[in-house]
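Novice: Okay, sequence plus prediction incoming.
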Protein chains: 2
Amino acid sequence: MVQPVLYSLFREGRVQQLLDLLKGLHPADLVETLHEFSPEEQERFFLLIPNEQSAIILQEMDLPEAAAVLARLPLGTAAEILKEMYSDEAVDILAELPKENAAKLLMLMKEAGEELKELLAYEEDTSGGLMATEFVAIPENMTVGGTLAYLRKVAPSAENAYYIYVVTRDKKLVGVISLRELVVTPLETRVGQIMHRKVVKVPEDLDQEEVARLFEKYGLLVLPVVDKEDRLVGIITVDDAITVAKEEATEDIHKAGSVTPLRTSYKSAGVLTLYSKRVGWLLALILVNLISSGVIAAFEETLSVALTLAFFIPLLIDTGGNTGCQSATLVVRALVTGDIKLTSWFRTFGKELLVGMLLGLTLGTAGWFLGAFRGGALIGVIIGLTMLAIVVTANLVGMILPFILTRLRLDPAVASSPLITTIMDAIGLLTYFTIARMFLAL
Amino acid sequence: MVQPVLYSLFREGRVQQLLDLLKGLHPADLVETLHEFSPEEQERFFLLIPNEQSAIILQEMDLPEAAAVLARLPLGTAAEILKEMYSDEAVDILAELPKENAAKLLMLMKEAGEELKELLAYEEDTSGGLMATEFVAIPENMTVGGTLAYLRKVAPSAENAYYIYVVTRDKKLVGVISLRELVVTPLETRVGQIMHRKVVKVPEDLDQEEVARLFEKYGLLVLPVVDKEDRLVGIITVDDAITVAKEEATEDIHKAGSVTPLRTSYKSAGVLTLYSKRVGWLLALILVNLISSGVIAAFEETLSVALTLAFFIPLLIDTGGNTGCQSATLVVRALVTGDIKLTSWFRTFGKELLVGMLLGLTLGTAGWFLGAFRGGALIGVIIGLTMLAIVVTANLVGMILPFILTRLRLDPAVASSPLITTIMDAIGLLTYFTIARMFLAL
């Protein structure tokens, strides 16, 4: 609806009307419209509007996109825009830019640049890499009235106004009070009297997945970050926690599909990036697969006597893979979300043994019929029994592998469907031909 | 650390000290300790502490757990505890209880029960099912000072104090103002002058996945829900949005593993539930697999002449499945998160065609060597070419299937690894034997 109007105002250079229109538009919606602009038009657009507004809009964009826009703007303008951003967002964008470019911008930003340089030193996927330095901190002996007057002066933005942190003279975090509590407390009360002394806080180097889990567990809006001396150094806001949770879910899903996680979105990943994130796994799985080929070759004689056995190879090994893939999916996700813990491995084993036996009996019966139908009574028995054995085994393999990976301090999500399929092929074929040889008395 | 102390205070019935200890403990941490209690101890514990505190603790528990605790308490106590809860939490727990039980509780709760009954009527996975009715709404002509005085009186809780909604006399939502803005505005200003008139809001029946997406897109803390007449009926808070996002990610991961999503956690799902969520898919996939068996049977003669061909069956069909599984994983996730849209299908096709060709050349070369090594030069050529063809095809199948599913208004996550593996088996075998027959001149 808005887009054609906005575009024509922009093309006709009616700046005042354009700015009025932008006022009523959420930056997240504007970003969708900007996607339709050519790079040159985007550049002109950002030169046209005030730097504060550019900062807000760029903060809504995907990182690679925002960096691309910033790289096209004159260095001076880019530096001014970065100054207007929240420090966590500015740092993320700077990290996307070529090193030389980022260094120049930091220099142009002077003092603000020095601060950002410190933030840039943190690992991207830790609490330090997520935090912003725009927090409100006050001393213990300030009154509620004084605090409200102070807030009025610094006019904090929505990101950081809801919790006010109480710190000692040497910046140690000693308490927190919410804006809601301030508002309903008599003005002459000292914050030290009403603040909460137990603050959920994290060290600078905590993994971001753990950060997201804390937000969920405690239902937080903001999480303060402290250094080794317990000094308040930054805050993480809930919107960043949501973004992290989404990123981590995407990463787990990619691992479950045997794709090395992309650090960027699918849309902005090039052909060569996608190739490189996939080819390693495929080649590794081919090597594991040589075992399956070996198994069949070892039973060449059995196969030459009863060629009918070959018909059922895909059926049996696929069912094994599919079953193992199901139990692995359930167990991996439960381990990742903390639904089950390493210590409950015995109970999980019992559960999956029972589920596997029920599934095995059902699929074994189905296999028996299919086998008898196509290959006669004896083949029916062979297929049925093999199916039962494969399903029970696959179910346990799919369950055990994630536990082993977690135990080895590896991500259980690596227990991917392709890996389990490939492992189950070898086990399945060995089971199949062993059972067949017994019954066919070869 | 805390648990043994808490437990011994509880066993010794030292209520006052127990209550003091609880004050300094986050309810989310307490819940972990309560897991170690027997059901009888849990019951006694909740009878010991004040109902307000019980409400806070139960809200932190998993739904089935909280419902189980509540079901063990005397009806009167249970009703009092429910009254102390946020309406959205109370409704969720009531929905877990047996119908008769819930009806009795609602009756005991009188007025509050009537309100909850209305909330119970909403579908669980919609905005109406997520919302709470505890919001702060004021008329347009109220002053900032008056609003602050009003807030002081109703003393809203952390969940709903950060946004104050402005409504007309007939409850229509006309604006919103944040507590932060109130605090920094002169007291005599009327809220109508400073409120934001463009409010991001949702209808009562919006799907919860869409709700979570709006929270992420706009970086919201609270989202108001309106009825068809634009009257404010409830609010959804960001902590619920985080829970929904996690649930939906789990659902997508389960679908990707061909498991019908569990409505409960893995831990609380019984053996029969797990069986029933899995057996349908496995049986369906067996039927699809009959095509593969048919393909091999149709080429029985080819196979009997060159039995070596059988050795490579698992290698070839697995590589097809693995490749297709990778591209499906990437495309499904990108479609689900909105990273790519249905309209960009042509661009995605081109990208995956190129990636598939690069992968096909790499894996084809590897296959050529493996084939030549085990079966001689001719077999090498057959395996290499088949590998190339299968990888390119599988890559496109894995990419196209999610697009088709989305187009048919089905969830793309159903393009699961097992489904793709099974489809690629049939296609792969057909390709393999056709190429082999050509080269072996059969």
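Specialist: Alright, I've got the coordinates.
Novice: contact partners of stretch A:345-355?
Specialist: A:327, A:331, A:340, A:392, A:395-396, A:398-400, A:403, B:271, B:274-275, B:278 (CB atoms under 8 Å, 6 or more residues apart in numbering or on different chains). All C-beta spots, glycine's among them, are computed from the backbone N, C-alpha and C.
Novice: one more time with 6 Å
Specialist: Where contact means CB atoms under 6 Å, 6 or more residues apart in numbering or on different chains, the residues beyond stretch A:345-355 that reach it are A:327, A:340, A:395, A:399, A:403, B:271, B:274, B:275.
Novice: Most neighbours of all those, which one?
Specialist: Highest neighbour count within the contacts of stretch A:345-355: residue A:327, with 30 neighbours (other CB atoms under 10 Å in any protein chain shown).
Novice: so that one is in which element?
Specialist: helix A:313-336 (DSSP states H and E).
Novice: and that helix, C-alpha only, in PDB?
Specialist: This file holds the C-alpha atoms of helix A:313-336, laid out as PDB (Å, rounded to 0.1, in the frame of the first residue of the first chain):
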ATOM      1  CA  ILE A 313      17.600 -53.900   0.100                       C
ATOM      2  CA  PRO A 314      16.100 -50.400  -0.300                       C
ATOM      3  CA  LEU A 315      13.000 -51.300   1.800                       C
ATOM      4  CA  LEU A 316      15.000 -52.700   4.700                       C
ATOM      5  CA  ILE A 317      17.800 -50.100   4.900                       C
ATOM      6  CA  ASP A 318      15.400 -47.200   4.400                       C
ATOM      7  CA  THR A 319      13.200 -48.400   7.200                       C
ATOM      8  CA  GLY A 320      16.200 -48.700   9.400                       C
ATOM      9  CA  GLY A 321      17.300 -45.100   8.500                       C
ATOM     10  CA  ASN A 322      13.900 -43.700   8.900                       C
ATOM     11  CA  THR A 323      13.300 -45.300  12.300                       C
ATOM     12  CA  GLY A 324      16.700 -44.200  13.600                       C
ATOM     13  CA  CYS A 325      16.100 -40.700  12.200                       C
ATOM     14  CA  GLN A 326      12.900 -40.400  14.200                       C
ATOM     15  CA  SER A 327      14.300 -41.400  17.500                       C
ATOM     16  CA  ALA A 328      17.400 -39.300  17.000                       C
ATOM     17  CA  THR A 329      15.200 -36.300  16.100                       C
ATOM     18  CA  LEU A 330      13.200 -36.700  19.300                       C
ATOM     19  CA  VAL A 331      16.200 -37.300  21.600                       C
ATOM     20  CA  VAL A 332      18.400 -34.600  20.100                       C
ATOM     21  CA  ARG A 333      15.700 -31.900  20.400                       C
ATOM     22  CA  ALA A 334      14.900 -33.000  24.000                       C
ATOM     23  CA  LEU A 335      18.600 -32.800  24.900                       C
ATOM     24  CA  VAL A 336      19.000 -29.400  23.300                       C
END
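Novice: Now that helix: average pLDDT?
Specialist: Across helix A:313-336, pLDDT averages out at 90.
Novice: Phi first, then psi, for residue A:164.
Specialist: phi -110, psi 130 (degrees, to the nearest 10).
Novice: How is chain A divided into domains?
Specialist: The record's domain split for chain A, according to automatic domain parsing, is A:2-121, A:137-242, A:271-439.
Novice: ranking those domains by burial, who's on top?
Specialist: domain A:271-439 (a mean of 21; mean count of other CB atoms under 10 Å in any protein chain shown).
Novice: End to end on that one, go ahead and measure it.
Specialist: 51 Å (CA to CA, to the nearest Å).
Novice: Report the distance from it to the chain centre.
Specialist: 28 Å (CA atoms, centre = their mean, to the nearest Å).
Novice: can you check stretch A:172-179 too?
Specialist: 30 Å.
Novice: Equivalent analysis for stretch A:188-204, please.
Specialist: 31 Å.
Novice: Now do the helix or strand hosting residue A:357 against helix A:313-336, angle only.
Specialist: Element membership of residue A:357, judged by DSSP H and E, is helix A:345-375. Counting by axes from the mean of the first three to the mean of the last three CA atoms, to 10 degrees, helix A:345-375 lies at 160 degrees to helix A:313-336.
Novice: give the contact list for the residue of the stretch 1-150 of chain A found nearest chain B.
Specialist: In the stretch 1-150 of chain A, the residue that lies nearest chain B is residue A:28 (5.0 Å; CB to the nearest CB). Going by CB under 6 Å, 6+ apart, residue A:28 touches A:60, B:217, B:218.
Novice: Report the secondary structure state of it.
Specialist: helix (DSSP: H, G, I helix; E, B strand; the rest coil).
Novice: Quick check: it vs residue B:217, distance?
Specialist: 5 Å (CB to CB, to the nearest Å).
Novice: how deep is residue A:124 tucked in, by neighbour count?
Specialist: Neighbours of residue A:124 using other CB under 10 Å come to 13.
Novice: now it, what's its secondary structure?
Specialist: Under three-state DSSP, residue A:124 falls in the coil class.
Novice: Just give the closest residue to it, not the sequence neighbours.
Specialist: With CB to CB, 6 or more residues apart in numbering or on different chains as the criterion, residue A:124 has its nearest non-adjacent residue at 6.6 Å, and that residue is residue A:95.
Novice: Report all helices and strands that the helix or strand that contains the one you found contacts.
Specialist: Assigning secondary structure by DSSP H and E places residue A:95 in helix A:87-96. Helices and strands touching helix A:87-96, by 3 or more CB pairs under 6 Å, 6 or more residues apart in numbering or on different chains; DSSP states H and E, are helix A:63-72, helix A:110-120.
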